[in-house]
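K.L.:
what follows is a predicted structure for the sequence shown.
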Amino acid sequence: MRIGLIILVAVFLASCAAHAPMSETVIFSPKKINGERIEASHQMGFSFNTDLLDTKTLYPERKGYNDRLTIPNELSYFNTLYLKNEGNHFAAFSFSAGTGVGFDATARVIDPVYVTIGYSNVGQYELSLPVRLLHSEKIGWLAAPAYRNQIVYYDDLEEESHLFDFGPDGRDAYKTVGMKSSIYLFTPGINQRAKRLFYSAKLEGGKILNSKAWYFSFGLKIGGY
């Protein structure tokens, strides 16, 4: 029976489902509630992401290694800051902490096209081009092509008998390309500090270039402005 720092590995090292780039919500700014323009400068909330397929079917075996220590589920708390120019928000920065720790930023290219860059503590990074397809007082919809550098951790077979084992023994990087689509529902907030709430569902699918396998993921978000 191996004894390791599983919690530390989970929080600081292993993350298969990348943190959700919450800065992309700037694409739906400014906000309105019952016709009133809301100039929020930041938002807070939680996000959850999971792979819909078993990770063992997505990534090839690595000789001399067994368990993939990636975590197919991601749960994070996020805090996003908006930047304004000439009365409109043009960019946002977001920090997420939970299963993994990550930063991301989104900036307007030519409305309704934006660019998002994200980076996590394990060396994962993502580049996407979200496009706003719909934005009303109650609903928002965006779609984005995405490229990601995905990190997968492995465990050395020869070290299974060690009493103490601190973290994974090897890692590989996998390149993925795909498309993601997110639907946002907006409702009035609960007080003056959170004037608007949102709920979001995301579907993403694409191909892992290294293994030629297809991947699919699902995500949920809830937050307030």
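P.N.:
Noted; the coordinates are in hand.
K.L.:
hmm, who's touching stretch 77-91?
P.N.:
19-20, 22-23, 25-26, 29-30, 39-47, 92-98, 105-108, 223 (C-beta atoms under 8 Å, 6 or more residues apart in numbering). Yep, even glycine has a C-beta here, placed from its N, CA and C like the rest.
K.L.:
mind listing the helices for this structure?
P.N.:
Secondary structure of the chain by DSSP state H: the helices cover 6-8, 55-58.
K.L.:
between those, which gets the lowest average pLDDT?
P.N.:
Lowest mean pLDDT within the helices of the chain: helix 6-8, a mean of 36.
K.L.:
who are the contact partners of the residue lying closest to Ala20 once chain neighbours are set aside?
P.N.:
Spatial nearest neighbour of Ala20, chain neighbours left out: Ser47 (3.9 Å); criterion: C-beta to C-beta, 6 or more residues apart in numbering. By C-beta under 8 Å, 6+ apart, the contact set of Ser47 is His19, Ala20, Met22, Glu74, Leu75, Ser76, Phe78, Ser96, Gly219, Leu220, Lys221.
K.L.:
how about a cut-off of 6 Å?
P.N.:
When contacts are counted by C-beta atoms under 6 Å, 6 or more residues apart in numbering, Ser47 touches Ala20, Ser76, Lys221.
K.L.:
just the closest of the residues you listed to Tyr114, please.
P.N.:
Ala20 (15.3 Å; C-beta to C-beta).
K.L.:
measure Glu137 to Ala213 for me?
P.N.:
41 Å (C-beta to C-beta, to the nearest Å).
K.L.:
cool, Leu133 as well?
P.N.:
28 Å.
K.L.:
over to Pro21?
P.N.:
23 Å.
K.L.:
okay, these two: which has more neighbours?
P.N.:
A count of neighbours by other C-beta atoms under 10 Å puts Pro21 above the other of Pro21 and Ala213, at 29 against 15.
K.L.:
for that one, which residues are in contact?
P.N.:
Counting by C-beta under 6 Å, 6+ apart, Pro21 touches Asp104, Thr116, Gly118.
K.L.:
tell me which of these fall in strands.
P.N.:
Asp104, Thr116, Gly118 (DSSP state E).
K.L.:
so can I have a markdown table of these showing neighbour count and pLDDT?
P.N.:
What follows is those, written out as a markdown table (neighbours: other C-beta atoms under 10 Å; pLDDT from 0 to 100):
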| residue | neighbour count | pLDDT |
| --- | --- | --- |
| Asp104 | 26 | 95 |
| Thr116 | 23 | 97 |
| Gly118 | 25 | 94 |
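K.L.:
out of those, which one sits closest to Tyr154?
P.N.:
Using C-beta to C-beta, Gly118 comes nearest to Tyr154 of those, at 23.6 Å.
K.L.:
the closest one touches Ser128, doesn't it?
P.N.:
No. If you go by C-beta atoms under 6 Å, Gly118 and Ser128 don't touch, sitting 8.1 Å apart.
K.L.:
apart from its chain neighbours, what residue comes closest to Thr176?
P.N.:
Arg148 (4.6 Å).
K.L.:
which strand residues sit across from the one you found in the sheet?
P.N.:
In this entry, Arg148 is beta-bridged to Glu126, Thr176, by DSSP bridges.
K.L.:
likewise for the one 4 residues further on?
P.N.:
Judged by DSSP bridges, the bridge partners of Val152 are Asp172.
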